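> Everything below, folded, please.
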Amino acid sequence: MTNGILLALIAYASYSGSDAVVKSLGGQFTVFEIGFFTTLFAGFFLFFTRPAGERWRDFWRTRRPWAVQARAWAGIASGVLSVYAFTTIPLAEVYALVFLAPLCVTILSTVVLKEKVGPWRWLAVVAGFAGVMLVVRPGFRELNPGHLAAFGVAFLAAASVILMRSLAQQEKRTTMLGVLIGYGLLFNGVGAAATSFTVPDGKQLVWLVMAGAFTACGQLLQLLAVKYAPANRIAPTHYSQIVWAVILGALFFQEYPDWLSLVGLAVVGGSGLLTMVREEARLGTVRWNPFSRTRL
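Below is the predicted model of the structure:
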């Protein structure tokens with residue numbers, strides 16, 4: 001189990017590395033171009049992680065095509081919004097808003113799935129939003145579209161989780177990834193061509209390859225982690241990204257959250273963990289894993 005938790009920690013550190021690289025590329029390329037190259041290189045590396053018994057050429061064979069495509073488009077929109085958020089607001093603020101996803105799942109589950117939500121889960125929702133208010137502090141500091149984009153990522157990630165609940169036992173991993181990568185390349189490619197496409201130089205290309213490699217590495221390590229430890233033991237390691245947001249933001253972007261922001265980040269993390277515990281008790285660990293990467 002220790003090996004699984006360690007692999008999961010490294011996986012989320014790798015995801016954070018990808019997010020930091022994306023942030024560093026802001027202003028050099030459009031959102032669509034960053035998304036295109038990151039998806040392209042992540043897809044290249046993920047091509048070699050095909051599960052035994054599955055074939056990439058069959059990725060288009062689906063049992064529930066509309067649900068698969070809806071999940072893919074949610075991931076694409078989430079990816080575009082996340083690039084915009086990371087390149088316009090501090091890392092810690094992005095993660096604080098993105099980590100509202102498990103709480104958004106609680107709200108959506110009552111509306112879409114008509115599930116009953118107990119007082120503990122509603123308490124987690126209220127605490128999570130309170131934590132975000134401590135980090136973002138609307139009315140006391142300027143808000144910009146990047147904050148709205150980050151919240152959009154959380155909402156789309158929650159929608160993706162709702163879809164994945166019914167797809168996890170019916171669709172192949174190559175199908176879920178293949179459709180997401182294919183649509184991501186098409187959407188971002190058209191967007192880059194229609195806006196302003198800039199040919200990256202050698203140094204920029206290296207950074208774009210690193211962003212894709214970090215993402216692919218996180219995906220692979222996350223899959224390996226599940227082999228060594230149960231999903232319910234791995235899920236809490238997702239919140240290690242809050243620590244990485246503070247460290248990477250301070251080291252590379254001169255972003256130093258004050259003590260109120262740190263308290264808010266801790267509250268957001270605690271409310272997400274409470275939601276996870278309650279969901280595990282109700283749904284079990286197979287159908288509920290809100291911490292897998294829903295964007296490339």
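> A strand includes residue 256, no?
No. Residue 256: not assigned to a strand; according to DSSP: H, G, I helix; E, B strand; the rest coil it is coil.
> Can you report phi and psi for residue 154?
phi -60, psi -40 (degrees, to the nearest 10).
> I'd like to know how far it sits from residue 260.
The gap separating residue 154 from residue 260 is 21 Å, by CB to CB, to the nearest Å. Backbone N, C-alpha and C define where each C-beta goes, glycine included.
> go on, residue 24?
27 Å.
> what's the answer for residue 95, then?
16 Å.
> of the two, who's got more company?
Ranked by neighbour count (other CB atoms under 10 Å), residue 95 and residue 260 place residue 95 first, with 26 against 13.
> Mean pLDDT per helix and strand in this protein: which one sits at the bottom?
helix 231-234 (a mean of 65; mean pLDDT, DSSP states H and E).
> what's the following helix or strand after that helix?
Once the chain leaves helix 231-234, the next helix or strand it forms, by DSSP states H and E, is helix 240-253.
> Of all the residues in that following helix, which ones are buried?
By neighbour count with 16 or more other CB atoms under 10 Å, helix 240-253 contains the buried residues 240, 241, 242, 244, 245, 246, 248, 249.
> Can you classify residue 116 by secondary structure?
Per three-state DSSP, residue 116 ends up coil.
> Can you tell me the closest non-neighbouring residue to it?
Once flanking residues are discounted, residue 116 sits nearest to residue 110: 7.7 Å by CB to CB, 6 or more residues apart in numbering.
> and the one you found, how many residues sit next to it?
14.
> same thing with residue 211?
27.
> Now do the contacts for it.
Applying CB atoms under 8 Å, 6 or more residues apart in numbering to residue 211 gives the contacts 18, 21, 22, 25, 34, 37, 38, 41, 42.
> mind running it again at 6 Å?
Going by CB atoms under 6 Å, 6 or more residues apart in numbering, residue 211 touches 18, 21, 22, 38.
> Which members of these are the farthest-apart pair?
21 and 38 (8.5 Å; CB to CB).
> the more surrounded of those two?
Legend: neighbour count by other CB under 10 Å for residue 21 and residue 38, higher for residue 38 (29 against 24).
> So for the more buried one, what's the pLDDT?
pLDDT for residue 38: 94.
> What of residue 67?
78.
> which residues are contacting the helix or strand it falls within?
Following DSSP H and E, one finds residue 67 within helix 65-88. By CB under 6 Å, 6+ apart, the residues outside helix 65-88 that reach it are 19, 22-23, 26, 31, 34-35, 62, 94, 146, 149-150, 152-153, 156-157, 159-160, 163, 167, 179-180, 183-184, 187, 294-296.
> That helix: what's the following helix or strand?
Following helix 65-88 in sequence order, the next helix or strand is helix 91-98 (DSSP H and E).
> same for that next one, what does it pack against?
Helices and strands touching helix 91-98, by 3 or more CB pairs under 6 Å, 6 or more residues apart in numbering; DSSP states H and E, are helix 119-136, helix 145-167, helix 240-253.
> Dump stretch 116-136 to CSV, keeping only the CA atoms.
What follows is stretch 116-136, C-alpha atoms only, in CSV (Å, rounded to 0.1, in the frame of the first residue of the first chain):
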residue,chain,number,x,y,z
LYS,A,116,-30.2,12.2,-1.1
VAL,A,117,-27.5,14.3,0.5
GLY,A,118,-27.0,14.2,4.3
PRO,A,119,-26.1,17.1,6.6
TRP,A,120,-22.4,16.1,6.7
ARG,A,121,-22.0,16.5,2.9
TRP,A,122,-23.9,19.8,2.9
LEU,A,123,-21.6,21.0,5.7
ALA,A,124,-18.6,20.1,3.5
VAL,A,125,-20.1,22.1,0.6
VAL,A,126,-20.6,25.2,2.8
ALA,A,127,-17.1,24.8,4.3
GLY,A,128,-15.5,24.4,0.9
PHE,A,129,-17.1,27.6,-0.5
ALA,A,130,-16.1,29.4,2.7
GLY,A,131,-12.5,28.2,2.2
VAL,A,132,-12.5,29.5,-1.4
MET,A,133,-13.8,32.9,-0.2
LEU,A,134,-10.8,33.1,2.2
VAL,A,135,-8.4,32.4,-0.7
VAL,A,136,-10.1,34.6,-3.4
